[in-house]
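Student: Got a predicted structure here, sequence first:
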Amino acid sequence: MTARLLFGRPLPGSVGEWRRVVHIFEVPAGNTLPERLTALCGTSFGPGELESLGRPTGMPCESCLRRVATH
Ligand SMILES: [Zn+2]
């Protein structure tokens, strides 16, 4: 099964503005998302904690970027 990449960041107000970097998530292909998403850097988000983005925008999470580059 192929995986796809998702981009998302914490919802406004859930964390400090400086922590609202865009994380990269690897999720299984298909329409259903796991209830809990864990970014490549290890940060995990539960339902309602993540603002999902159609494409990378804003400040990326450097740890995620490093991992996706060496994936
Ligand atoms: Zn990250």
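Tutor: Received, thanks. Fair warning: this is a prediction, and the values are worked out from it, not measured in the lab.

Student: Which neighbours in the sheet does the lengthiest strand in the chain have, and how are they oriented?
Tutor: The strand that spans the most residues within the chain, counting by DSSP state E, is strand 3-10. Paired with strand 3-10 in the same sheet, following DSSP bridges, are strand 23-28 (antiparallel), strand 50-53 (antiparallel).

Student: Setting the sequence-adjacent residues aside, check what's closest to Leu65.
Tutor: In space, and not counting its chain neighbours, Leu65 is closest to Ile24: 7.2 Å by Cβ to Cβ, 6 or more residues apart in numbering. No exception for glycine: its C-beta is placed from N, CA and C like everyone else's.

Student: What parts of the chain come near the ion?
Tutor: 23, 39, 41, 61, 63-64 (Cβ under 5 Å from the ion).

Student: that older thread, may I see the strands paired with strand 3-10 organised as TSV, with mean pLDDT and mean neighbour count added?
Tutor: As requested, the strands paired with strand 3-10 are exported to TSV (pLDDT from 0 to 100; neighbours: other Cβ atoms under 10 Å):
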stretch	mean pLDDT	mean neighbour count
strand 23-28	90	18
strand 50-53	89	16
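
Student: Ok, which of the ones you listed comes nearest Thr70?
Tutor: strand 23-28 (12.4 Å; Cβ to Cβ).

Student: Restricting to C-alpha, output the closest one in CSV.
Tutor: What follows is strand 23-28, C-alpha atoms only, in CSV (Å, rounded to 0.1, in the frame of the first residue of the first chain):
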residue,chain,number,x,y,z
HIS,A,23,4.5,19.2,10.2
ILE,A,24,4.6,16.5,7.6
PHE,A,25,2.6,13.3,8.1
GLU,A,26,2.8,10.1,6.3
VAL,A,27,-0.6,8.5,6.1
PRO,A,28,-1.9,5.4,4.4
